[in-house]
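Peer 1: Okay, here's the prediction I keep looking at, along with the sequence it came from:
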Amino acid sequence: MEKYIELPLTEEKIKDLKAGDYVYLTGTIYTARDAAHKKMYEALRKGDNLPITIEGNIIYYMGPSPAREGRAIGSAGPTTSTRMDKYAPELLDLGLKGMIGKGKRKTEVKEAIIRNKAVYFAAVGGAGALLSKKITKSEVVAYNELGTEAIRRLEVDKFPVIVVIDNMGNDLYEKEYII
């Protein structure tokens, strides 16, 4: 089923999403990969505030290539999500409502998705040039020193994703769903 969602995410917007649904996101999402996640984790250990508001937001596991002239961003394909699995449960417990990446997630992440009524989306790997056309604005908002791994705020318009793990724990990569 195809669904269109205006961001930010809420439990109400997520509750009817099912593994396998095609979703088109419009609004603000954030990017963060390994290095940015590590810095956020370290900030939390020190008792510092995170550089972005986590609650109700989506983190896209992506590091863009340089933008071409006249474009907001270069190729913007997803990276493998398991590299962020160490950090994802804590961010979900802080109110993160969605993640976009590719590949399977560990049991601890699935449990945190269910516990926090969140969702894990996949973007199509290898389609970064096409995905970048759905990004209308990109700006670095934290950790500029990390280059392509800096945290960016993206404005997206009908950004295409697929629900991989819904808020009930149904997993598109698993054979059996929870009903």
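Peer 2: Here it is on my side, so go on.
Peer 1: from here on, contacts and neighbour counts on C-alpha atoms
Peer 2: Fine.
Peer 1: For residue 38, which non-adjacent residue is closest in space?
Peer 2: residue 87 (7.7 Å; C-alpha to C-alpha, 6 or more residues apart in numbering).
Peer 1: isn't the one you found right up against residue 37?
Peer 2: Yes - counting by C-alpha atoms under 8 Å, residue 37 is a contact partner of residue 87 at 6.7 Å.
Peer 1: Please identify which of those two sits among more neighbours.
Peer 2: Per other C-alpha atoms under 10 Å, whichever of residue 87 and residue 37 has more neighbours is residue 37, with 22 against 16.
Peer 1: any residues touching the helix or strand containing the more buried one, and which ones?
Peer 2: Residue 37 belongs to helix 34-46 when assigned by DSSP states H and E. Contacts of helix 34-46 with the rest of the structure, by C-alpha atoms under 8 Å, 6 or more residues apart in numbering, involve 49-51, 83-84, 87, 143, 146, 149-151.
Peer 1: swap the cut-off to 7 Å and go again
Peer 2: With C-alpha atoms under 7 Å, 6 or more residues apart in numbering as the test, helix 34-46 has contacts from 49-50, 83-84, 87, 149-151.
Peer 1: how far out from the middle of the chain is it?
Peer 2: Distance, stretch centre to chain centre, for helix 34-46: 16 Å (C-alpha atoms, centre = their mean, to the nearest Å).
Peer 1: With only the CA atoms kept, save it in PDB.
Peer 2: The C-alpha coordinates for helix 34-46 follow below in PDB (Å, rounded to 0.1, in the frame of the first residue of the first chain):
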ATOM      1  CA  ASP A  34      28.800   6.100  12.200                       C
ATOM      2  CA  ALA A  35      31.000   9.100  13.300                       C
ATOM      3  CA  ALA A  36      28.100  11.300  14.100                       C
ATOM      4  CA  HIS A  37      26.300   8.600  16.100                       C
ATOM      5  CA  LYS A  38      29.500   8.100  18.100                       C
ATOM      6  CA  LYS A  39      29.700  11.800  18.900                       C
ATOM      7  CA  MET A  40      26.100  11.900  19.900                       C
ATOM      8  CA  TYR A  41      26.600   8.800  22.100                       C
ATOM      9  CA  GLU A  42      29.700  10.500  23.800                       C
ATOM     10  CA  ALA A  43      27.700  13.700  24.300                       C
ATOM     11  CA  LEU A  44      25.000  11.700  26.100                       C
ATOM     12  CA  ARG A  45      27.600   9.900  28.300                       C
ATOM     13  CA  LYS A  46      28.900  13.400  29.400                       C
END
